[in-house]
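Novice: sharing a sequence plus its predicted fold:
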Amino acid sequence: MAQSYFPARSVWSPSPLQTAQEPSSSSLHGEKPQVTAEEVQGAYLLQRDNLLGAIDNTKGILHDLRQFSKESWVVKYPQLRDSKPEEQPEEIPTSLKTARRKSARRSLSFADDPTWHTDVVVTTPRKGLTRSVTLATITDEPDESAEDGDEERLVTSSEAHDFRVFRLDLKLGSHGSSSSPSSLVSQLEKSSIANLVDERISAAITHIEKLRQRVEDTSSKVLVTGDLNAGKSTFVNALLRKNVMPVDQQPCTTAFCEVHDAAENNGKEELHIVKEGISYNIQDDSTFTRVPISSLEDFVSENENVQQVLKVYLADGRPSTESLLNNGVVDISLIDAPGLNRDSMKTTAIFARQEEIDVVVFVVSAENHFTLSAKEFLFTASNEKAYLFIVVNKYDQIRDKAKCRRLILDQIRQLSPRTYEDAEDLVHFVDSSAAFQQDGTGPFSNLEKDLRSFVLVKRLKSKLAPASTYLSHILSDIELLAGANCIVAQAEYDRARADLERTKPVLEKMKQGREVLDESLANIEESGATFTRVHTKDILTVALERVGQGKLGVDEKQVALRMPTYSGLLSLWSWACEVRRTMLASIDLAVKLAEEDARVATTKSVKELAQLEDTILPEGVERSRRVFMPEAMFSTRAAQRRGRRGTIVAGGSQGLGIGLAHQPDMLETTFLDIFDAQYHVFDRFVNHDELSVGQEETALTALSVASVGLGALTMVGGQTAGFHSLITSIYRISNILSSDSARKWVAPVIAIAGLGATAYVVWELPHSVPRNIGRRLRTTLMKENPERAEGSFIDLHVHRVSFETRKVLRLAAYDVRERHANALEERNREVNAAQEMEKKATAAVEFFTNVHQKSGEVRESAQIMGSA
């Protein structure tokens, strides 16, 4: 089955003139129909008025088509080809064979887009029917109207499915062939093809305007043309019964000689030579030159290579019933044209003039038949003139006349089917040179009678039929163009609707989920940064608490770091230095553990963002290609790119925590790391919070004597005690002894210090030194540094680690937002484009459907038969 966009019109009624001229039942039995001249003239005038209205309506349709193509829809130029053999059914049922003659499956594609193609069924129009272009499926049902297989058509079935007036000579190759010229045409812009179509439509409008003038004109122009030496001038002389046109065995007529009745020139016989480039006006002598008719032959021979228009005015003394010029009914101009194949310029001029011609009398030599130039001319003329008057000249010189007649009629059947159907009246086999010897009963006399009847009596065929034929062709082309473009517009509409059904819900969903997305991204970012901040603070707080208790900052089970072993009093100082270094390294390890945990937490949050991206973004949107590398967090290269210099350990250089074991000021060991009198004596017996600042200073001064004494002992025994420490101790002792209160306490303090030192060295020293060092390190690191806004060591690294996590998550969240925003914008563009296409396609379907309907109405109003 095939779905039709344009239902065929089946209403048709014959024109009055056709009714008047159609044979009645009596004529079938040999009796001629009784038709009066008044009936013929009345039918002619009625059909002429209908045809003028059809011409105006067709011109309006063409103007609308051009305007719509420029403003709303670029009209595509369809290409119709036979379907491939493998696409046809293997066996065609007998019941479908008749239908296939009127309806053929074709492959439809377009010159500007040869990749687009579909199978369609193009129905050949008949009387009152428009051409139908429908989408085809595997099989087509037979058309009931196809049973009338013998119905008249103006063109053959092979020509019925192609353009006649709008045809573009693109010479496309087979569909899908990359090596064919179609690959070149496909590179043309759509506007280029549309411009070519617009030029064809513009030319058709110009031709229709000339056509209207010709239909309104009461006179008739008869063009006599043919190949070289076919006997055209001899034929014209025979019609005039005067030797006016120059005749020779060689081509001699090189100008357009228009023969008119002398009555149009006040009864004077003379030759008017029209001046080149000036419009001829018989009332204006400046537009032409008057010469005697006797100078015609001399003028033609002297201006052989000049393309000239000559007006010849002759007086025909024969009765109006015999003369073609002086017929008493219609003004006739008989135009003798140069030979077709003389040269390309004159041939082109003849092709151009046929637009203003009512009747074409084609003279063909019985010896040469139809040449290529003749066939091309007849094919071009058949676009407008279905009926041609053909004269087969020099027929008496042929021996096998039956064979000659058969061959020429076969050629006429292919070139002009309607002429062949009426060959008895329109095709004559004569010898023009013998016309002067005939007495009115020979073949040439019969030719004259039929030509007079064709030009004067059967004016529907000679005068109006060419215009009707051209309108039929142009309407058929309009219907094919509208039908094919309507199929494309419907396909575009369906595609736009499908795109809207696919993209609009996605767009609405994305708009509704935009706030949810922003909230979800902010939650993931905040939760990830909060977790790393809290977790880092817990790790570093625990590490400093452990260090303050004289332990490593991290559990020994987690790392390979161990506390150095105490090896005796003599190596006490070096052991204390190593303990400080180890504790600082353990704090560095705690920071590294916090960073590693931050990497794990950040990785988890990044995966959540990726899952959210997969959930929120529609299908077809490219996902992020970024690969998160946790090891890039806290990278030294990043710090270096930001302009930092110096030793950077474990991912940063803030002066605390990270790289503490490599900082000289943190590695410096003092005597208080070995014996802290404030902690061991004072803090055990006195509540530190109840003392005033002065009391605390006095207590510290008294107790510092013992500290100095014990420090002196350890200095002597320490392998690493330096000269600087010795000088510093002596200086402190001298300051203390210079005080009166200090002298009173010297002896007791020395005694107590000696006993305490002995016990301390023996029992407490290996345990108290790590606690002293750890406690001092903890106090130092917990103290807020006024030079940094971050505060203490813990606050500094909590901020740094959480900031790094937030930075990574914010970048990932920004990427998701950008992709969502781009996808939203893209979907919005798709929806807008689909809505615009839907609107344009709807307007196009409505317009082309209306064009097809108007075309059918024009056919009905003028009773124009479908031709293609």
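Specialist: All right, it came through fine.
Novice: tell me which strands the lengthiest strand in the chain pairs with, and in which orientation.
Specialist: If you go by DSSP state E, the chain has its longest strand at strand 113-123. Sheet pairing of strand 113-123 (DSSP bridges) gives strand 103-110 (antiparallel), strand 132-136 (antiparallel).
Novice: could you dump the first one to PDB, C-alpha only?
Specialist: When you say that, I think you mean strand 103-110. The C-alpha atoms that make up strand 103-110 are tabulated as PDB, following Å, rounded to 0.1, in the frame of the first residue of the first chain:
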ATOM      1  CA  SER A 103       1.900   3.900 -11.400                       C
ATOM      2  CA  ALA A 104       5.600   3.100 -11.200                       C
ATOM      3  CA  ARG A 105       7.700   2.500  -8.100                       C
ATOM      4  CA  ARG A 106      10.600   4.900  -8.200                       C
ATOM      5  CA  SER A 107      13.500   5.800  -5.900                       C
ATOM      6  CA  LEU A 108      13.300   9.400  -4.700                       C
ATOM      7  CA  SER A 109      16.400  11.300  -3.700                       C
ATOM      8  CA  PHE A 110      17.500  14.900  -3.900                       C
END
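Novice: average pLDDT for that strand?
Specialist: Here strand 103-110 scores 70 as its mean pLDDT.
Novice: list the contacts for residue 801?
Specialist: By C-beta atoms under 8 Å, 6 or more residues apart in numbering, the contact set of residue 801 is 532, 533, 536, 594, 595, 598, 634. From N, CA and C alone the C-beta is placed, and that goes for glycine too.
Novice: part of a helix, is it?
Specialist: Yes: under DSSP: H, G, I helix; E, B strand; the rest coil, residue 801 falls within a helix.
Novice: against residue 540, how distant is it?
Specialist: Separation of residue 801 from residue 540 (C-beta to C-beta, to the nearest Å): 9 Å.
Novice: can you count the residues close to residue 567?
Specialist: When neighbours are defined as other C-beta atoms under 10 Å, residue 567 has 11 of them.
Novice: and it, what helix or strand is that in?
Specialist: Assessed by DSSP states H and E, residue 567 sits outside every helix and strand.
Novice: and the nearest residue to it once chain neighbours are set aside, how far is that from residue 257?
Specialist: Leaving out its chain neighbours, the residue that sits closest to residue 567 by C-beta to C-beta, 6 or more residues apart in numbering is residue 575, at 6.6 Å. Separation of residue 575 from residue 257 (C-beta to C-beta): 135 Å.
Novice: the helix or strand of the chain with the lowest mean pLDDT: what's the following helix or strand?
Specialist: Using mean pLDDT, DSSP states H and E, helix 25-28 stands out as the lowest-scoring helix or strand of the chain, at a mean of 39. Using DSSP H and E, the helix or strand that follows helix 25-28 in sequence is helix 37-71.
Novice: about what we covered before: show the average pLDDT along the longest strand of the chain.
Specialist: On average, strand 113-123 scores 73.
Novice: now stretch 210-217
Specialist: pLDDT averaged over stretch 210-217 gives 86.
Novice: would you state the strands of the protein in chain order?
Specialist: Chain-ordered strands for the chain, with DSSP E as the definition, fall at 2-4, 78-82, 103-110, 113-123, 132-136, 220-226, 256-261, 270-274, 288-291, 309-314, 332-336, 359-365, 389-393, 427-429.
Novice: identify the farthest-apart pair in the contacts of residue 801.
Specialist: Among the contacts of residue 801, the pair separated by the greatest distance (C-beta to C-beta) is 533 and 634, at 14.9 Å.
Novice: if I pick residue 204, what's in contact with it?
Specialist: Taking C-beta under 8 Å, 6+ apart, we find residue 204 in contact with 62, 165, 166, 474.
Novice: can we see that at 7 Å?
Specialist: 62, 165, 474 (C-beta atoms under 7 Å, 6 or more residues apart in numbering).
Novice: got it, and residue 422?
Specialist: By C-beta under 7 Å, 6+ apart, the contact set of residue 422 is residue 387.
Novice: and the gap between it and residue 849?
Specialist: 37 Å.
Novice: the stretch 451-600 of the chain: helices as residue ranges?
Specialist: With DSSP state H, counting those that start in this stretch as the criterion, the stretch 451-600 of the chain has helices at 459, 465-512, 514-548, 572-616.
Novice: which one of those is the most hemmed in?
Specialist: Among the helices of the stretch 451-600 of the chain, helix 459 has the highest mean neighbour count (mean count of other C-beta atoms under 10 Å), at a mean of 24.
Novice: that helix - what's its average pLDDT?
Specialist: What helix 459 shows for mean pLDDT is 76.
Novice: ok, and what's touching that helix?
Specialist: residue 44.
Novice: ok so, going back, let me know the pLDDT of the residue nearest to residue 567.
Specialist: Residue 575 is assigned a pLDDT of 88 by the prediction.
Novice: and what of residue 430?
Specialist: So, for residue 430, pLDDT stands at 92.
Novice: now it. Its backbone dihedrals?
Specialist: Backbone dihedrals for residue 430, given as degrees, to the nearest 10, come out at phi -140, psi 180.
Novice: residues near the nearest residue to residue 243 once chain neighbours are set aside, how many?
Specialist: With sequence-adjacent residues excluded and distances taken as C-beta to C-beta, 6+ apart, residue 243 is closest to residue 237, at 5.2 Å. Counted with other C-beta under 10 Å, the neighbours of residue 237 add up to 21.
Novice: just the one 5 residues further on next, same as before
Specialist: Residues near residue 242, counting by other C-beta under 10 Å, number 17.
Novice: excluding chain neighbours, what is closest to it?
Specialist: Residue 242 sits nearest to residue 314 (C-beta to C-beta, 6+ apart), 6.7 Å away.
Novice: for the one you found, give me the pLDDT.
Specialist: Looking at residue 314, its pLDDT stands at 91.
Novice: that one against residue 265, yeah?
Specialist: No: with contacts counted by C-beta atoms under 7 Å, residue 314 stays clear of residue 265, the gap being 9.5 Å.
Novice: show me the shaky parts of the stretch 551-700 of the chain.
Specialist: Across the stretch 551-700 of the chain, the ranges flagged by pLDDT under 70 are 636-658, 675-700.
Novice: so what's residue 578 up against?
Specialist: Contact analysis of residue 578 by C-beta under 7 Å, 6+ apart lists residue 564.
Novice: please report how far it lies from residue 564.
Specialist: Distance from residue 578 to residue 564, by C-beta to C-beta: 4 Å.
Novice: what do these two both touch?
Specialist: Taking C-beta under 7 Å, 6+ apart as the contact rule, residue 578 and residue 564 touch no residue in common.
Novice: picking that back up, just checking, the residue nearest to residue 567 touches residue 566?
Specialist: Yes: using C-beta under 7 Å, residue 575 makes contact with residue 566 at a distance of 5.7 Å.
Novice: for residue 209, see how far away residue 814 is.
Specialist: 66 Å.
Novice: please apply the same query to residue 558.
Specialist: Computed with C-beta to C-beta, the distance linking residue 558 and residue 209 is 100 Å.
Novice: mind putting the helices of the stretch 451-600 of the chain into TSV with distance to residue 806?
Specialist: Shown next, in TSV, are the helices of the stretch 451-600 of the chain (distance: least, C-beta to C-beta, whole Å):
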stretch	distance to residue 806
helix 459	95
helix 465-512	26
helix 514-548	4
helix 572-616	9
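Novice: right, I'll call it a day here.
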